[in-house]
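Asker: the sequence and its predicted three-dimensional model are supplied below.
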Amino acid sequence: MENEAPDRRKRDYSLRRSIYDYGMGIIILGIGVALLAGPRLGLSVDLDNTLRYFLAGLFLLYGGFRIYRGYNKNYFN
């Protein structure tokens, strides 16, 4: 019985963190797509094109990393 509680807490924590990482990854990816395709969608983005592409790339990479981390669930190493 004593060993069951810490394992369950770790499993629950891992599940919460993965859901959080999936959600944040989707939000960050959405921001990257909005920056990248903003002028085509009619959104006014007041940034230089080079800076806009750079920020969009960073958002896409970090959003992808957050989704990967949520999929991998390697929180205790």
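Answerer: Now that the structure is in, tell me what you want to look at. Every value quoted in this text rests on a predicted model; they were computed, and no experiment measured them.

Asker: what packs against the longest helix seen in the chain?
Answerer: Determined from DSSP state H, the single longest helix within the chain is helix 4-41. Judged by 3 or more CB pairs under 8 Å, 6 or more residues apart in numbering; DSSP states H and E, helix 4-41 is in contact with helix 49-72. C-beta here means a position set from N, CA and C on the backbone, and glycine is covered the same way.

Asker: any stretches of this protein with poor pLDDT?
Answerer: Within the chain, the segments meeting pLDDT under 70 span 1-4.

Asker: distance of the spatially most central residue of it relative to A5?
Answerer: Geometric centre of the chain, nearest residue: G25, 1.6 Å, by CA atoms, centre = their mean. With distances taken as CB to CB, to the nearest Å, G25 is found 30 Å from A5.

Asker: thought the residue nearest to the centre of the chain was touching L61?
Answerer: No: here G25 lies out of contact with L61, judged by CB atoms under 8 Å, at a distance of 10.9 Å.

Asker: show me what contacts the residue nearest to the centre of the chain?
Answerer: G25 sits next to 63-70 when contact means CB atoms under 8 Å, 6 or more residues apart in numbering.

Asker: what do you get if the cut-off is 7 Å, keeping everything else the same?
Answerer: Going by CB atoms under 7 Å, 6 or more residues apart in numbering, G25 touches 63, 66-67, 70.

Asker: ok, M24 next?
Answerer: Counting by CB under 7 Å, 6+ apart, M24 makes contact with R66.

Asker: gap between it and R69?
Answerer: Going from M24 to R69 by CB to CB gives 10 Å.

Asker: got it, and S44?
Answerer: With distances taken as CB to CB, S44 is found 33 Å from R69.

Asker: who has more neighbours out of these two?
Answerer: Between S44 and R69, counted using other CB atoms under 10 Å, the more crowded position is R69 (18 against 6).
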